[in-house]
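**Student:** quick one, what's the 3D model for this:
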Amino acid sequence: MNIEPLFKLQLELDEYVAKKLDIVDEFNFVEYVDKRIIALKVEIAELANEVAFFFKYWKRSHVIDKEKTIEELADVMHFFLSVGHSRKYTFIRELDPLAWKKVPMEQLFQYLMNNNFDSSGKWKNGFEQLICIGFKLGYTADEMVQAYKEKREKNFGRQKNGY
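**Tutor:** All right, here's what the predicted structure looks like:
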């Protein structure tokens, strides 16, 4: 999966947000990257909660809302790309999410939650694990990219409206 075009799209959004908040010079400082990593973990948890069938063993009536789930997945993609760009991981252009296809979904989420994304290898593994989760949920790469683009437009709108 080629992520180079997504890096470019995310950079446009990140630059817009940084300029709007008057933090252009500081945007890639550790403080702001660390805040985006917290947001990344929150979004991973929100995605897990949407597909809670794999860990909420006590809940028998869980129904997956496919639209909400792919929107949560797109949110996670945004933060992966933002952190990757800030940490200069843009040399990574291809992901191989199928390398993780034999790993159970619960374990993929555990890997993501335990990952601190502090190296390009850990970041790449995490992004691949996320896309693999998307595949396991029945989404195609094109559907995930389209959901990312749609959420990006929504995020631009939010910023323009004082979010």
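
**Student:** when you work out contacts or count neighbours from here on, use the C-alpha atoms and nothing else.
**Tutor:** Will do.

**Student:** got the buried residues for the one helix or strand residue 77 maps to?
**Tutor:** Using DSSP states H and E, residue 77 sits in helix 66-86. Using 16 or more other C-alpha atoms under 10 Å as the test for burial, helix 66-86 gives 69-86.

**Student:** could you do stretch 151-163 as well?
**Tutor:** Under the neighbour-count criterion of 16+ other C-alpha under 10 Å, stretch 151-163 has 151, 152, 155, 156 buried.

**Student:** can you list those in TSV and add pLDDT and secondary structure?
**Tutor:** Below are the buried residues of stretch 151-163 laid out as TSV (pLDDT from 0 to 100; DSSP: H, G, I helix; E, B strand; the rest coil):
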residue	pLDDT	secondary structure
151	96	helix
152	96	helix
155	93	helix
156	92	helix
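
**Student:** JSON lines please, covering those and showing distance to residue 141.
**Tutor:** As requested, those are exported to JSON lines (distance: C-alpha to C-alpha, whole Å):
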{"residue": "151", "distance to residue 141": "15"}
{"residue": "152", "distance to residue 141": "16"}
{"residue": "155", "distance to residue 141": "21"}
{"residue": "156", "distance to residue 141": "23"}
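
**Student:** nearest to residue 25 among those?
**Tutor:** Closest approach to residue 25 among the buried residues of stretch 151-163 (C-alpha to C-alpha): residue 156, at 20.3 Å.

**Student:** I'd guessed the closest one sits against residue 15; true?
**Tutor:** No - using C-alpha atoms under 8 Å, residue 156 makes no contact with residue 15, being 11.0 Å away.

**Student:** do I have it right that residue 90 meets residue 5?
**Tutor:** No - Residue 90 is beyond contact range of residue 5, at 10.4 Å (criterion: C-alpha under 8 Å).

**Student:** okay, the two: which has more neighbours?
**Tutor:** Between residue 90 and residue 5, counted using other C-alpha atoms under 10 Å, residue 90 has the larger neighbour count: 16 against 9.

**Student:** which helix or which strand is home to residue 42?
**Tutor:** Residue 42 belongs to helix 30-50, assigned by DSSP H and E.
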